[in-house]
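Participant: just to be clear, the model below is a prediction. Sequence and coordinates:
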Amino acid sequence: MGESTKAKISIKEGTIELEGSESFVRGYLDEFKELLKTPPRPETPQQQYQKSKAPAPKKAQAKKSATPKAGAGKKSAPKVSMERFDIHGGGDIPSLEVYMEEKKPGTGNGNIIAVIGHYITEKLGEDSFSEGQIEYAYKMLKIKRPNHLRQIMINEKNKRDLFEANAADSTKWHLTRAGEIFVSDTLPES
């Protein structure tokens, strides 16, 4: 068995390890010395362009498609799906449109959401209302819907305490006592 020569190079833990005959190791060491002597050349604009147009490896493409597109450190808001409910009323229950005209909530999203929630829970007798039902009401009433509905609801909950999320299901909401009093006794504002 011949002699074995080892060489270990660590340019800030880039690490290259060679093992073999002395001539084998020396050949590669000489090659690496030359590479280290010449500074790397900056890429030409043509090389940069070609690099940017090169297709990503298949594994990276599969991984990209599995994650939602969002900025670094940002999460995209969950999509709110519309949930239909009876907005037409009947008998002694007014339609949602008539109820909104009666309560005159104004243009503030917190007031509008509180009135819609009050209609669903008090007039229709539901235990709670959902973001999807609020989405549906905005669409059917032809009111400009806020872009980040869930965040608007959370902000309004924290600011005015008119409604709060259900502890068991965070997509369900109910009016607080303050919200019930606000809609039934304060609206329409004089």
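Facilitator: Okay, I see it. Computed from a prediction, not measured in an experiment: that's the story for all the values here.

Participant: by mean pLDDT, flag the weakest helix or strand of this structure.
Facilitator: helix 58-66 (a mean of 51; mean pLDDT, DSSP states H and E).

Participant: tell me what the lengthiest helix in the chain is packed against?
Facilitator: Under DSSP state H, the helix in the chain containing the largest number of residues is helix 22-37. Under the contact criterion of 3 or more CB pairs under 8 Å, 6 or more residues apart in numbering; DSSP states H and E, helix 22-37 touches strand 5-9, strand 16-20. Quick note: C-beta positions are derived from backbone N, CA and C, even for glycine.

Participant: okay, buried residues for it please.
Facilitator: Neighbour-count burial for helix 22-37 flags residue 25 (criterion: 16 or more other CB atoms under 10 Å).

Participant: and it with strand 5-9, angle?
Facilitator: Angle between the axes of helix 22-37 and strand 5-9 is 20 degrees (criterion: axes from the mean of the first three to the mean of the last three CA atoms, to 10 degrees).

Participant: so helix 22-37 versus strand 16-20, what angle?
Facilitator: Using the same axes, to 10 degrees: helix 22-37 against strand 16-20 is 160 degrees.

Participant: contact partners of helix 22-37?
Facilitator: Outside of helix 22-37, the residues within contact range by CB atoms under 8 Å, 6 or more residues apart in numbering are 3, 5-7, 9, 11, 16, 18-19.

Participant: give me every residue that touches residue 133.
Facilitator: 83, 85, 116, 120.

Participant: sort out which of those residues are buried, if you could.
Facilitator: Using 16+ other CB under 10 Å as the burial test, the contacts of residue 133 include 85, 116, 120 as buried.

Participant: does the last one touch residue 131 like I think?
Facilitator: Just to be clear, that refers to residue 120. No. Between residue 120 and residue 131 there is no contact, the gap being 11.9 Å when judged by CB atoms under 8 Å.

Participant: so where's this structure uncertain?
Facilitator: 1-2, 10-15, 34-78 (pLDDT under 70).

Participant: how about a cut-off of 50?
Facilitator: Filtered on pLDDT under 50, the chain yields the residue ranges 62.

Participant: all strands of it, in order?
Facilitator: Here the chain has its strands, by DSSP state E, at 5-9, 16-20, 129-130, 163-165, 172-175.

Participant: for residue 100, find the nearest of those strands.
Facilitator: strand 129-130 (14.5 Å; CB to CB).

Participant: can I see the domain layout of this protein?
Facilitator: Domains of the chain are assigned by automatic domain parsing as 5-37, 96-186.

Participant: buried deepest among those domains, which one?
Facilitator: Ranked by mean neighbour count, the domains of the chain are led by domain 96-186 with a mean of 17 (mean count of other CB atoms under 10 Å).

Participant: tell me how far that domain is from the chain's mean position?
Facilitator: 22 Å (CA atoms, centre = their mean, to the nearest Å).
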